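J.: here's my sequence, what's the structure:
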Amino acid sequence: MIIAIEGLNASGKKTQSTILQQYRKDSVLFSFPRHDGPFADVISRSLRRESVVYRRQRDNQGNYKYSYDSEDDTIALRGLFALDQYEASEEIKAHDAAGKLVILDRYWPSNVCYGAEDGLPMEVLSSLSSSLPAADLYVYLDVPVSSLLRRQPVAEDRYGSDRSKLSRIRKRYIDLWHKYMKSCHDHTLVLSPPIWVIINGHRSLGDVTSQIVHWIDLIKAADGGSLLVTTGSKQLKRQATRKT
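T.: You can find the predicted model right below:
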């Protein structure tokens with residue numbers, strides 16, 4: 001099973017991913033972008049706004065010069081994020097085929113939502129990652145931007161301290177999840193992987209972990225079948241239906 005955990009910086013992605021890895025001994029964790037991957041250095045420099053992409057141009061005298069191009073830099077960064085995930089994709093599929101729980105701390109939705117903030121079309125960014133292994137469960141940990149800034153007052157990258165920018169990225173995450181989440185009619189919903197869920201990341205650490213584990217256990221119990229979800233005024237009941 002593959003689970004992708006998404007959210008803004010300081011939303012608890014890394015913490016929950018680590019807890020899940022400890023909870024399931026048959027698990028493996030990938031944190032993207034990988035700090036030990038082949039593109040780690042150039043991605044890290046780009047996220048810190050250390051220019052890494054220059055355009056070769058000819059001046060009026062016919063001489064070539066190199067100048068920084070922000071659009072090229074943005075395109076290169078998103079391409080490197082996708083390449084980093086593609087480079088790990090065979091290993092991800094192998095672990096999944098071996099029956100392990102593959103935990104992805106960030107995955108292609110990050111590239112889409114953050115890349116759109118840089119001015120790139122979400123549809124293009126989505127298609128860029130269309131051949132990556134699909135996750136069985138996509139979890140978005142939603143935390144208000146004001147809380148995120150209190151949790152992490154010092155920015156770690158080019159996006160981390162701009163309230164307006166973070167608010168727009170948060171909205172894109174929610175819109176993307178709503179695009180793939182199924183609507184519930186007559187209080188009954190039948191789901192089959194991939195399943196997209198939004199979890200309130202502002203709740204206690206244990207509550208968030210319990211919700212994620214519950215979805216994982218249900219998908220595992222369904223064994224490739226569907227999940228019957230019944231909603232009430234205050235309760236959400238989930239039942240796994242095995243494949244026959």
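
J.: in this structure, spot the helix with the most residues.
T.: Ranked by residue count and defined by DSSP state H, the top helix of the chain is helix 70-97.

J.: now it: buried residues?
T.: Across helix 70-97, burial judged by 16 or more other Cβ atoms under 10 Å covers 73-78, 80-85, 88, 92, 95-96. Backbone N, C-alpha and C define where each C-beta goes, glycine included.

J.: one more: stretch 168-186?
T.: Quick answer for stretch 168-186 (16+ other Cβ under 10 Å): 169, 170, 172, 173, 176, 177, 181.

J.: what helix or strand does the fifth one sit in?
T.: Using DSSP states H and E, residue 176 sits within helix 163-180.

J.: thinking again about what came up before, and which of the buried residues of helix 70-97 is nearest residue 37?
T.: residue 84 (5.1 Å; Cβ to Cβ).

J.: surely the closest one and residue 42 touch.
T.: No - look at residue 84 against residue 42 with Cβ atoms under 8 Å: they stay out of range, at 10.1 Å.

J.: rewinding a little: tell me what angle whatever helix or strand comes next after the longest helix of the chain forms with helix 70-97.
T.: Toward the C-terminal end, the helix or strand that comes next after helix 70-97 (DSSP H and E) is strand 101-105. Note on geometry: by axes from the mean of the first three to the mean of the last three Cα atoms, to 10 degrees, strand 101-105 and helix 70-97 are set 160 degrees apart in direction.

J.: any regions of the protein where pLDDT drops low?
T.: Scanning the chain for pLDDT under 70 picks out the ranges 48-57, 65-72, 155, 158, 182-190, 226, 228-244.

J.: which element is the residue sitting furthest away from the middle of it on?
T.: Distance from the C-alpha centroid of the chain peaks at residue 61, with 47.3 Å (Cα atoms, centre = their mean). Assigned by DSSP H and E, residue 61 falls within no helix or strand.

J.: number of nearby residues for residue 9?
T.: 19 (other Cβ atoms under 10 Å).

J.: isn't it up against residue 147?
T.: No - contact criterion Cβ under 8 Å: residue 9 and residue 147 do not qualify, at 11.9 Å.
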